[in-house]
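K.L.:
below is the sequence, then the predicted model.
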Amino acid sequence: MTDIFDYDPYVVSNTEKQAMLTRALAHLHATHSHYCPTYHNIIRTMFPEPFTAKHDLLALPYVHVKMFKHAHLKTVQNEQIIKTLTSSGTSGDVSHIYLDAETASLQSKVLVKVMQHWIGKARLPMLILDHAGVVSNRRQFSARGAGIRGLAFMGRKHCYALKEDMSLDLDALREFCQQFGDQPVLIFGFTFMVWQYVLAELHKHDISFSLPHGILLHSGGWKKLQDQAVSNTTFKQIAAKTLGVTHVHNFYGMVEQVGAIYVECEHGHLHCPTYSDIRVRRTIDWQPAAIGEEGVIQLISALPRSYPGHSILTEDRGVVLGTDDCPCGRLGTYFKVCGRLQQAETRGCSDTFVKKESA
């Protein structure tokens, strides 16, 4: 039997994908139930009916994303943990995600497969729209640090566009553009920070650079942009004006399910790769929403082995737009994220950054 991780990200039909995911997730669910007593107790209370590979994925039990803030959910022994990821949050509570070598390796493998689909297999010169200090702790990463390090190994000649105080490093930007401006480059940052500290600042001071072959990937922090009335279209227009970049892809994901990322295609749709999927559930009864009907996003992934993060109910609202029929030609479920649930905690890779006041 071919392993699900041997397939390319967007070439498996929904029927075949659901069968593979159901087998993989039934195994993960049983493993986590056996080795993580806290997960077992949560699921036994909320979902009394056992889940097996004979069931539809709609019956797959899930845990609420906040459980990773209030319980130490892990399926491995402490000595097997090689890295702990933490989320960002305004309340002081953060998620703790425990990775062993197998899970970290799988996450890296899948991240590479998905990203290579969008940026190619060559390691491109990389412009990181953040500052270098955010990745200084190698064992315990924030969501920002984990995201940067997760993509940084796919690039080379790394250049950080910001200084520690979040001001633009114009000299570094000029040097990077002079050296690589006539070739493909990878550009990455977290959405709100890319806007506030790079694009808006360049636009404000009428400064522009030319990276016409650049590919800009960004994620997280849309809520603050929406609060400022900055649309996806405006974001892309200013990126083109200030950095000369026309290939811009947002992607959706969270630290509680690292490696499972959903990249925006040229039609503005977020796509589920072979190894992950989503369900959208109505808040009134938590039953599956119809295509085009808004509800709460449930994220499903075959990746998490060291912690029970394979099925998570998020605090994000979304809409499934279709399956296997996006105009871009990629197979799989495609969707859009509509925002946060009301009264949900404001959180995210970049939402909680507070610029330090100058002394």
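P.N.:
Sure, I can see it. If you're wondering where the values come from, they're calculated on a predicted model, not measured in any experiment.
K.L.:
check the gap between Gln332 and Asp182 for me.
P.N.:
In this structure residue 332 is Gly, not Gln. 35 Å (C-beta to C-beta, to the nearest Å). Where C-beta positions appear, they are placed from N, C-alpha and C, glycine not excepted.
K.L.:
so which of these two has more stuff around it?
P.N.:
Neighbours were counted for Gly332 and for Asp182 using other C-beta atoms under 10 Å; Gly332 has more, 23 against 12.
K.L.:
can you tell me, leaving aside adjacent residues, what's nearest to that one?
P.N.:
Among residues not flanking Gly332 along the chain, Cys272 sits closest, at 4.6 Å (C-beta to C-beta, 6 or more residues apart in numbering).
K.L.:
what's near enough to touch the one you found?
P.N.:
Contact partners of Cys272, counting by C-beta atoms under 8 Å, 6 or more residues apart in numbering, are 262, 278, 332-335.
K.L.:
and with 7 Å instead?
P.N.:
Residues in contact with Cys272 (C-beta atoms under 7 Å, 6 or more residues apart in numbering) are 262, 278, 332-333.
K.L.:
with Lys336 instead?
P.N.:
Counting by C-beta under 7 Å, 6+ apart, Lys336 makes contact with 269-270, 318-319, 321.
K.L.:
where does it sit: helix, strand or coil?
P.N.:
strand (DSSP: H, G, I helix; E, B strand; the rest coil).
K.L.:
got a pLDDT number for it?
P.N.:
Looking at Lys336, its pLDDT is 94.
K.L.:
what's the separation between it and Glu16?
P.N.:
25 Å.
K.L.:
need the max-distance pair from the contacts of Lys336.
P.N.:
Of all pairs drawn from the contacts of Lys336, the widest gap by C-beta to C-beta lies between His269 and Gly318 and measures 11.6 Å.
K.L.:
of these two, which one has the most company?
P.N.:
Per other C-beta under 10 Å, whichever of His269 and Gly318 has more neighbours is Gly318, with 25 against 19.
K.L.:
wait, is that one part of a strand?
P.N.:
Yes: assessed with three-state DSSP, Gly318 lies in a strand.
K.L.:
ok, and the closest non-adjacent residue to it?
P.N.:
Ile297 (4.3 Å).
K.L.:
before we move on, which element is that neighbour in?
P.N.:
Counting by DSSP states H and E, the element that carries Ile297 is strand 295-301.
K.L.:
just how off-centre is that strand within its chain?
P.N.:
Here strand 295-301 is found 13 Å from its chain centre; the criterion is C-alpha atoms, centre = their mean, to the nearest Å.
K.L.:
pLDDT weak spots in this protein?
P.N.:
Applying pLDDT under 70 to the chain flags the ranges 1-2, 88-92, 136-143, 221-229, 343-359.
K.L.:
separation between Lys236 and Ala290?
P.N.:
The gap separating Lys236 from Ala290 is 30 Å, by C-beta to C-beta.
K.L.:
these two - which one has more neighbours?
P.N.:
Here Lys236 and Ala290 are compared on neighbour count by other C-beta under 10 Å; more neighbours surround Lys236, at 19 against 11.
K.L.:
OK, contacts around the closest residue to the more buried one other than its chain neighbours?
P.N.:
Among residues not flanking Lys236 along the chain, Val248 sits closest, at 4.8 Å (C-beta to C-beta, 6+ apart). Taking C-beta under 7 Å, 6+ apart, we find Val248 in contact with 216, 236, 239.
K.L.:
and which of those is nearest His131?
P.N.:
Nearest member of the contacts of Val248 to His131, counting by C-beta to C-beta, is Leu216, at 17.8 Å.
K.L.:
for that closest one, the count of nearby residues, please.
P.N.:
By the criterion of other C-beta under 10 Å, Leu216 has 25 neighbours.
K.L.:
what about it, distance to Ile148?
P.N.:
Separation of Leu216 from Ile148 (C-beta to C-beta): 14 Å.
K.L.:
let me see the contact set for His96.
P.N.:
Contacts for His96 (C-beta under 7 Å, 6+ apart) come out as 68, 72, 84, 86.
K.L.:
restricted to buried residues, select those in ChimeraX.
P.N.:
Command for ChimeraX that selects the buried part of the contacts of His96, burial taken from 16 or more other C-beta atoms under 10 Å:
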select :68,86
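K.L.:
no more questions from me, cheers.
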